[in-house]
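Peer 1: model the structure of this input:
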Amino acid sequence: MLNIAITGAAGRMGRALIQAVHGHESMQLVAASVSPTSSLVGVDAGELGGVGRLGIVTQSDISALRLADVVIDFTTPDATLNHLEQLSGTDVAVVIGTTGFTDTQLQQLAQHAQTRRIVFAANYSVGVTLALQLLRTAARVMGEDCDIEIIEAHHRHKVDAPSGTALRMGEAVAQTLGRDLKDCAVYGREGQEGPRRKETIGFATVRAGDIVGEHTVLFASEGERLEIGHKASSRQTFARGALRAASWLTNQTFGLYDMEDVLALK
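Peer 2: Predicted structure coming up:
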């Protein structure tokens, strides 16, 4: 039985993960943490996940994470890095779905992976991971002749924009074309900008209602347009992918992996 701890247990993904772990025949929840300022400290984790009482009470003291074989972390960049620091000296593996890291924070994450097993992905959907492969193929075949635009939509509560998944899609396309996304990305347009520059990759962001997650990449040329898209209707899609990553990670050596490694797509 694989022992799982969940950080950010009171959040949308945290609750979905509790439900997914409860329904998994070879995993069990051993710890659940929430922010020290949360009003849900001391609540039974099962009640948060809608699966009934589990006898695991949410804690703000993250030392309980050390009880796990794998910690699943969908929180904030600062919180995730703090959790990794607190796990120093343990063999606990970590699955990270947090987005919004700065370049400096990503370097810190890579440093932790030198002495720990980590899977880090902007999106744990199997469909999105496969879409990245399709995007590379489309970029290789059509990218030089097309205008490329990425449109993403999420719920009103999402704090970072564009989404981590949209950026990952942009990176996959840009790398295939030998471009640096930092140099060619355009985030929104307004006013008299002039004609579109061919080498740019545009991003458009929608935040509305309870949209779980939608991403579409357009490859538009004269006379035709290819669209590669993905729509998620339930957070259980991401939760199941994260559990798949957790199970896979237990058999790996130290290192920083992503969902494409988990699915053997590299």
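Peer 1: list the residues that contact Val57.
Peer 2: 32, 42-45 (C-beta atoms under 8 Å, 6 or more residues apart in numbering). All C-beta spots, glycine's among them, are computed from the backbone N, C-alpha and C.
Peer 1: can you point out the buried residues in the lowest-mean-pLDDT helix or strand in the chain?
Peer 2: Here the helix or strand of the chain ranked lowest by mean pLDDT, DSSP states H and E is helix 45-49, holding a mean of 93. Across helix 45-49, burial judged by 16 or more other C-beta atoms under 10 Å covers 45-46, 48-49.
Peer 1: taking those together, which two end up most distant?
Peer 2: Farthest-apart pair in the buried residues of helix 45-49 is Gly46 and Leu48; separation 7.2 Å (C-beta to C-beta).
Peer 1: shared neighbours of the two, which are they?
Peer 2: Taking C-beta under 8 Å, 6+ apart as the contact rule, Gly46 and Leu48 both touch Ile18.
Peer 1: which stretch of helix or strand covers Gly55?
Peer 2: For Gly55, there is no host helix or strand (DSSP states H and E).
Peer 1: who is the nearest residue to Ala131 once chain neighbours are set aside paired with across the strands?
Peer 2: Spatial nearest neighbour of Ala131, chain neighbours left out: His230 (5.1 Å); criterion: C-beta to C-beta, 6 or more residues apart in numbering. On the basis of DSSP bridges, His230 is bridged to His215.
Peer 1: what's around His230, how many residues?
Peer 2: 22 (other C-beta atoms under 10 Å).
Peer 1: again with Ser234
Peer 2: Using other C-beta under 10 Å, Ser234 is surrounded by 11 other residues.
Peer 1: now do the helix or strand that the least confident helix or strand of the chain is followed by, average pLDDT.
Peer 2: Where DSSP H and E defines the elements, the next helix or strand beyond helix 45-49 is strand 70-73. In this model, strand 70-73 has a mean pLDDT of 98.
Peer 1: in the stretch 1-150 of the chain, which spans are helices?
Peer 2: In the stretch 1-150 of the chain, the helices defined using DSSP state H, counting those that start in this stretch lie at 12-22, 45-49, 77-86, 103-112, 126-142.
Peer 1: who touches Ala139 in this structure?
Peer 2: 148, 172-173, 176-177, 219.
Peer 1: quick check, nearest of the contacts of Val57 to Thr80?
Peer 2: For those, the closest approach to Thr80 (C-beta to C-beta) belongs to Ala32, at 15.7 Å.
Peer 1: beta-bridge partners for that closest one, please?
Peer 2: Going by DSSP bridges, Ala32 forms beta bridges with Ile6.
Peer 1: cool, and Ile96?
Peer 2: Asp73, Phe120.
Peer 1: just Gln59 next, same as before
Peer 2: In beta-bridge terms (that is, DSSP bridges), Gln59 pairs with Ser33.
Peer 1: pLDDT at the residue nearest to Ala45 when sequence neighbours are not counted, what is it?
Peer 2: In space, not counting the residues next to it along the chain, Ala45 is nearest to Ala32; the distance is 3.9 Å by C-beta to C-beta, 6+ apart. For Ala32, the pLDDT comes out at 96.
Peer 1: same deal with Gly194?
Peer 2: What the model reports as pLDDT for Gly194 is 85.
Peer 1: swap in Lys182?
Peer 2: Reported pLDDT for Lys182: 94.
Peer 1: same for the helix or strand hosting it, what does it pack against?
Peer 2: Assigned by DSSP H and E, Lys182 belongs to helix 181-184. Here helix 181-184 touches helix 164-176, going by 3 or more C-beta pairs under 8 Å, 6 or more residues apart in numbering; DSSP states H and E.
Peer 1: having no further points to raise, I will conclude here.
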